[in-house]
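Visitor: Everything below, folded, please.
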Amino acid sequence: MMQRNAPMLDHLVVNAMFEMDAAAACFAALGFTLTPLGYHSLGSVNHLMMLGDHYLELVGLPVGATTLRREILESRLGIDGLVFKSDDAQATYERLIGTDVDCGAPQLFSRPVEIDGGEQIARFRTTRLTPGELPGVRVYFCEHLTPQWVFGPAVPPHANGAHALTELVVVSGDPAGDARHYARIAGHTGADVHGGASTGAQTHAEAESDIARSNSVCIGLEGFDLKFVDARAYQARYGELMCNSGGRDSYFGAFVVAVDDLAAALDRAHALAAADEDCLVQMLADGLDTSDGTRDPSFAVLLRRFNTLIEFTGVVEHVHA
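Guide: Numbering: from 1, shown residues only. Below you'll find the predicted structure:
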């Protein structure tokens, strides 16, 4: 099967470890519609939040189980997984090995799903980078062998109006170096890799110089951006609502969700914050500047208990802080 011409996001993963029920309750309170709890053959459990051709996955470990998915057990709490689409996991493996990217052979696993009152088996084949290739995070490629059982079933819309994941913020000690490494892993051509100040009208040499000196580098994928920032730029964007790095030089610091009704999403976030002291909400000053029409208003929610930072963005007439 032919590989895609451009890298595409399949899903992002938030690791809840052994607190799946509590994490699911938080995401539901924020207005996300979660699929029923699923059980992987590898020994993990999950809920999905479907967003068209991609999704947000909440993954965890069942309490009291005799078989636990070691990959999840040894990962960090919070945003820890970036998953690209693959049409052929074996071909992806061969491409990665051919470019000296350390990864494991494709792995097959499954989980049962209930469809129209009956049980079907959703099957996947994944090619995963070895932990040392990108320390502190998990990056892999997913081939859906039965996409009709994941993307096919009708799911009620999200109460917060969420319709897309638009960006993953990667905090890095070397934004330019990490951006190049991720681009090579993703199979990106480099046509849309640029520094934060890039206008798109630069020569190749100018773009390379801009990237090298920038504390913010962006990789534009198909409908989704990877934004690499240093610690100073991360703090400038989110203030005190930052994830705990856990001593990592590079980690996933936040993801951005586009919603249809930002005011309604903000109301839900404030309600959760009022009931849960580990939930913090903050309007983002940069996001409120929409006079030139280039940036939508946005706010950030830190789920401190799960070390997860979410930025919500959308167009509204009035947003109350």
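Visitor: Could you check how far the residue nearest to residue 308 when sequence neighbours are not counted is from residue 307?
Guide: Closest residue to residue 308 apart from its sequence neighbours, by CB to CB, 6 or more residues apart in numbering: residue 78 at 4.9 Å. (C-beta placed from N, C-alpha, C; glycine too.) Distance check for residue 78 against residue 307: by CB to CB, to the nearest Å, it reads 3 Å.
Visitor: any residues in contact with both of these two?
Guide: 243, 244 (CB atoms under 8 Å, 6 or more residues apart in numbering).
Visitor: So those two - more neighbours on which side?
Guide: Using other CB atoms under 10 Å as the criterion, residue 78 and residue 307 rank with residue 78 on top: 23 against 20.
Visitor: what is that one paired to in the beta sheet?
Guide: Bridge pairing for residue 78 (DSSP bridges) gives the partners residue 15.
Visitor: and if you look at residue 138?
Guide: Bridge pairing for residue 138 - DSSP bridges - gives residue 81.
Visitor: pretty sure it contacts residue 81?
Guide: Yes - contact status for residue 138 versus residue 81: in contact at 4.5 Å, counting by CB atoms under 8 Å.
Visitor: Quickly list what's touching both of these two.
Guide: Contacts common to residue 138 and residue 81, judged by CB under 8 Å, 6+ apart, are 13, 75.
Visitor: what comes up buried for stretch 132-151?
Guide: 133-134, 136-144, 149-150 (16 or more other CB atoms under 10 Å).
Visitor: I meant to write stretch 101-108 there.
Guide: Applying 16+ other CB under 10 Å to stretch 101-108 flags 101, 103, 106 as buried.
Visitor: before we move on, the earlier item: return the two entries of the buried residues of stretch 132-151 that lie farthest from one another.
Guide: Using CB to CB, the buried residues of stretch 132-151 span at most 31.9 Å, a distance reached by 136 and 149.
Visitor: The helix or strand encompassing residue 127: partners in the sheet, and parallel or antiparallel?
Guide: Assessed by DSSP states H and E, residue 127 sits inside strand 118-128. Strand 118-128 sits in its sheet next to strand 107-115 (antiparallel), strand 138-144 (antiparallel), going by DSSP bridges.
Visitor: Run the chain-centre distance for the last one.
Guide: The reference is to strand 138-144. From the chain centre to the centre of strand 138-144 is a distance of 12 Å (CA atoms, centre = their mean, to the nearest Å).
Visitor: For it, the averaged confidence score.
Guide: The pLDDT scores in strand 138-144 average 96.
Visitor: which residues touch it?
Guide: Contacts of strand 138-144 (CB under 8 Å, 6+ apart): 10-11, 13, 71, 75, 80-89, 92, 106, 122, 124-129, 131, 133, 150-151, 182, 185.
Visitor: Next SSE downstream of that strand?
Guide: Taking DSSP H and E, what comes next after strand 138-144 is strand 162-171.
Visitor: helices or strands next to that following strand in the packing?
Guide: strand 9-15, strand 45-51, strand 54-60, strand 225-229, helix 231-238, strand 251-259, strand 308-313 (3 or more CB pairs under 8 Å, 6 or more residues apart in numbering; DSSP states H and E).
Visitor: The ones you listed into JSON lines, with extra columns for mean neighbour count, distance to residue 266 and mean pLDDT?
Guide: Below are the helices and strands packed on strand 162-171 laid out as JSON lines (neighbours: other CB atoms under 10 Å; distance: least, CB to CB, whole Å; pLDDT from 0 to 100):
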{"stretch": "strand 9-15", "mean neighbour count": "23", "distance to residue 266": "20", "mean pLDDT": "97"}
{"stretch": "strand 45-51", "mean neighbour count": "22", "distance to residue 266": "18", "mean pLDDT": "96"}
{"stretch": "strand 54-60", "mean neighbour count": "21", "distance to residue 266": "19", "mean pLDDT": "95"}
{"stretch": "strand 225-229", "mean neighbour count": "24", "distance to residue 266": "22", "mean pLDDT": "96"}
{"stretch": "helix 231-238", "mean neighbour count": "17", "distance to residue 266": "16", "mean pLDDT": "95"}
{"stretch": "strand 251-259", "mean neighbour count": "23", "distance to residue 266": "9", "mean pLDDT": "97"}
{"stretch": "strand 308-313", "mean neighbour count": "24", "distance to residue 266": "7", "mean pLDDT": "98"}
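Visitor: Would you reformat the ones you listed as TSV and include distance to residue 36?
Guide: Shown next, in TSV, are the helices and strands packed on strand 162-171 (distance: least, CB to CB, whole Å):
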stretch	distance to residue 36
strand 9-15	17
strand 45-51	8
strand 54-60	12
strand 225-229	30
helix 231-238	33
strand 251-259	21
strand 308-313	21
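Visitor: And those: which comes nearest residue 156?
Guide: Short answer: strand 45-51, nearest of the helices and strands packed on strand 162-171 by CB to CB, at 9.7 Å.
Visitor: Format the CA atom coordinates belonging to that closest one as CSV.
Guide: This file holds the C-alpha atoms of strand 45-51, laid out as CSV (Å, rounded to 0.1, in the frame of the first residue of the first chain):
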residue,chain,number,x,y,z
VAL,A,45,-7.5,0.7,28.8
ASN,A,46,-8.6,3.8,26.9
HIS,A,47,-11.3,6.3,26.1
LEU,A,48,-11.3,8.2,22.8
MET,A,49,-12.4,11.7,22.0
MET,A,50,-13.2,11.6,18.2
LEU,A,51,-12.4,14.7,16.1
